[in-house]
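Visitor: structure of the sequence below:
(2 chains)
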Amino acid sequence: MTDAILSGFKGRHLLRMSDLTAAEIMGLINTAMRFKEVSEREVKKLPTLRGKTVVNLFFEASTRTRTSFEIAGKRLSADVINISAQTSSVTKGETFKDTVLNIAAMKPDALVIRHSAPGTALYASKIAGCSVVNGGDGAHAHPTQALLDLLTMTERKKNLENLNVSIIGDILHSRVARSNIAALNMFNANVTVCAPPTLLPHKMESMGVRATHSIAEAVEGADVIMMLRLQTERMAQGLFPSLREYADNFCLSAKVMKNAKKDVIIMHPGPINRGVEIASDVADGPYSVILNQVTHGVAMRMAVLYLLCGGAES
Amino acid sequence: MTTNGSSSRLILNHDDISRTLARMAHEITEKNPDCSSLVLVGIITRGAPLAKRLAEKIKSITGTDVPVGKLDVTFYRDDIAQKGPNLNASPTEILADVTGKTVILVDDVLFTGRSIRAGIDAIMDIGRPGRIQLAALLDRGHRELPIRADYIGKNIPTSKSERVKVKLKETDGEDMVMVVSGND
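Guide: All right, here's what the predicted structure looks like:
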C-alpha cells in the first residue's frame, strides 16, 4: 500500500552511467566547471536549490562521497540531512525497505544511497517517490565517481576520444572501475584493466577493454593511470598470498613510473593504502591529481543534484 | 517583411546601434564623472559584447580604460523549476574587484526585469559594489518587478506576444534589432 502511495514519481534517477546520454555528460562536465568556479569564490553559495531537501542515506562507511554530497547540496542552498546505518534504526532491526519508505515519507527531493549490496539504489528508486542517486552499490556502480573522474580527465587532457586509460588494481570488487569503463566507452577512450588473475573478472574483453596482468604493460603508453584500492573488506580468503606480495607486483612505485609518459596523470578514487597499491612518493608526486579529484567531486555532485532536482517533476 | 504568417519590422540597423551606444556612453560619463570607479558587467549572452562596446566608447570619450566583465545568471534565475535545469551555463568572468565600485549591468533587452534581479543577486555574491546601475539597449516594457534602467538605448512598445530579436556581430555575425510577431 505504501508503495502505491509513494511510487509513480516521474523525475529522474542516477543509478548507473547508462542513465545519462553522452550529451548530458558533457553538459554535466560544463556545469561542474561553473560550480568549481563558485567553490573558489569567497561566497561559495548559490541559491539554485533553495527549498529542496537532500538526504544522504549511507549503509557503508564513507568520508569523501558523503561529505562531498553534503557540501554540494549546501553550496546550492538545499537542506542536507545525513543518516548513517550505524546510528539509525537499522541497528534495531528495521529493514532497508522500511528505512527508505520512512525517509521518503518526509518528502525529500533527492535521496543519495550507498549500500554494500548491488541493486539497492535501483530498488530504492522504485519505492522512494523522489530522485535517487546511487552513491555506490556494492561492486556494481558508482556513477558520480566516474563523472568526477571524467571531469578531471577532460580538464587535464581536453579530449577523451582515444585517450589511453589504464585501470589498475582490484578490478573484481570495484564499482569505480565498472562505472568508469561504461563512461569511457561512451567517449571512445581506450581502456586497459590490469590486475592479478584472481582480481580480474573473466571475459573483461567483452566490456570493450584490454586486459593484462602486467603493471609495466599497463603503465606504458597510458595517458591516465587510475589506481584502485584493494577492497579487503569484500574479499574472501586466498585471492593473493600476502599484501606484501601484492605490493611487489602491483604497487605503482617510482620504479614502475619510469616507463610512464611524461604527461601522464595518476588518479585514485580514495581512500588510498600507501605502500599497497600506490607508493607514498607517487601519490604525493607531480603526476598525482588525487586531491583534484576530491575537489571535482563537490563540483560534479552539485551538477548532478542540479540536474535531478533543478526542475519540476516532468 | 511578411513570411509564413509572421511579420517582422526592423528597429535598429548597424549604424543605429553604434549611434545609440555612443549616446549611452555619453550619458554614463555624464552621470559618473569619475570613470575610474566604473566596472561594466554584461549579462551573458548579448549583454557581454554590448558592455565591451560601451567600454570602448567610454575610452574614446574620456581616455579611461573601464574594466569589463561578463556575468552568467543561470543559477540565480527564478524559473529553474518551470524551465528545468540548463547545463550550458557560460563562465562568469569579472576580473576587477567590484567592492566599492559603481557596477553598470548591461543587457540587450529589458523585459520582465527578472534576469536583472538575478544579475543583481549574482553581483552581490561576488562582492559589495558601492552602487549598481543598469544599461539596456532596448526597453520593451512589461515589467514584472520594480526595476528600471538608468540608461536606455531605445524604448520600443511591444505586445507581450511579440518577440524582440537582437543580433550582434560578435554573437550572430551582424548588427540588427527586429520585432517579430506571429510564428516564425
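Visitor: ok, the residue in chain B positioned nearest to chain A - contacts?
Guide: Of all residues in chain B, residue B:87 sits closest to chain A, at 2.8 Å by CB to the nearest CB. C-betas here are computed from N, CA, C, even on glycine. Going by CB atoms under 8 Å, 6 or more residues apart in numbering or on different chains, residue B:87 touches A:24, A:27, A:28, A:30, A:31, A:303, A:307.
Visitor: may I ask which of the residues you listed has the most neighbours?
Guide: residue A:303 (30 neighbours; other CB atoms under 10 Å in any protein chain shown).
Visitor: please state the offset of the host helix or strand of that residue from the chain centre?
Guide: Using DSSP states H and E, residue A:303 falls within helix A:290-309. Relative to the chain's own centre, helix A:290-309 is displaced by 10 Å; criterion: CA atoms, centre = their mean, to the nearest Å.
Visitor: how about that helix: buried residues?
Guide: A:290, A:292-309 (16 or more other CB atoms under 10 Å in any protein chain shown).
Visitor: out of these, which are close to chain B?
Guide: Near chain B, judged by CB under 8 Å from any CB of the partner chain, the entries from the buried residues of helix A:290-309 are A:303, A:306, A:307.
Visitor: pLDDT added to these, as a markdown table?
Guide: Listed next are these as a markdown table, based on pLDDT from 0 to 100:
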| residue | pLDDT |
| --- | --- |
| A:303 | 98 |
| A:306 | 97 |
| A:307 | 96 |
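Visitor: one step back: alpha carbons only: can I get the helix holding residue A:303 in PDB?
Guide: Coordinates of each C-alpha in helix A:290-309 appear next as PDB, following Å, rounded to 0.1, in the frame of the first residue of the first chain:
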ATOM      1  CA  ILE A 290      44.100  12.600  -6.500                       C
ATOM      2  CA  LEU A 291      43.200  15.700  -4.500                       C
ATOM      3  CA  ASN A 292      41.900  17.500  -7.600                       C
ATOM      4  CA  GLN A 293      39.500  14.500  -8.000                       C
ATOM      5  CA  VAL A 294      38.200  15.300  -4.500                       C
ATOM      6  CA  THR A 295      37.700  19.000  -5.400                       C
ATOM      7  CA  HIS A 296      36.000  17.900  -8.600                       C
ATOM      8  CA  GLY A 297      33.700  15.600  -6.600                       C
ATOM      9  CA  VAL A 298      32.000  18.500  -4.900                       C
ATOM     10  CA  ALA A 299      31.500  20.400  -8.200                       C
ATOM     11  CA  MET A 300      30.300  17.300 -10.100                       C
ATOM     12  CA  ARG A 301      27.800  16.400  -7.300                       C
ATOM     13  CA  MET A 302      26.500  19.900  -7.400                       C
ATOM     14  CA  ALA A 303      25.900  19.400 -11.100                       C
ATOM     15  CA  VAL A 304      24.200  16.100 -10.600                       C
ATOM     16  CA  LEU A 305      21.900  17.500  -7.800                       C
ATOM     17  CA  TYR A 306      21.100  20.500 -10.100                       C
ATOM     18  CA  LEU A 307      20.200  18.100 -13.000                       C
ATOM     19  CA  LEU A 308      18.000  15.900 -10.800                       C
ATOM     20  CA  CYS A 309      16.200  18.400  -8.500                       C
END
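Visitor: so the residue positioned nearest the centre of chain B is in which element?
Guide: Residue closest to the average C-alpha location in chain B (CA atoms, centre = their mean): residue B:107, at 0.8 Å. Per DSSP H and E, residue B:107 falls inside strand B:102-110.
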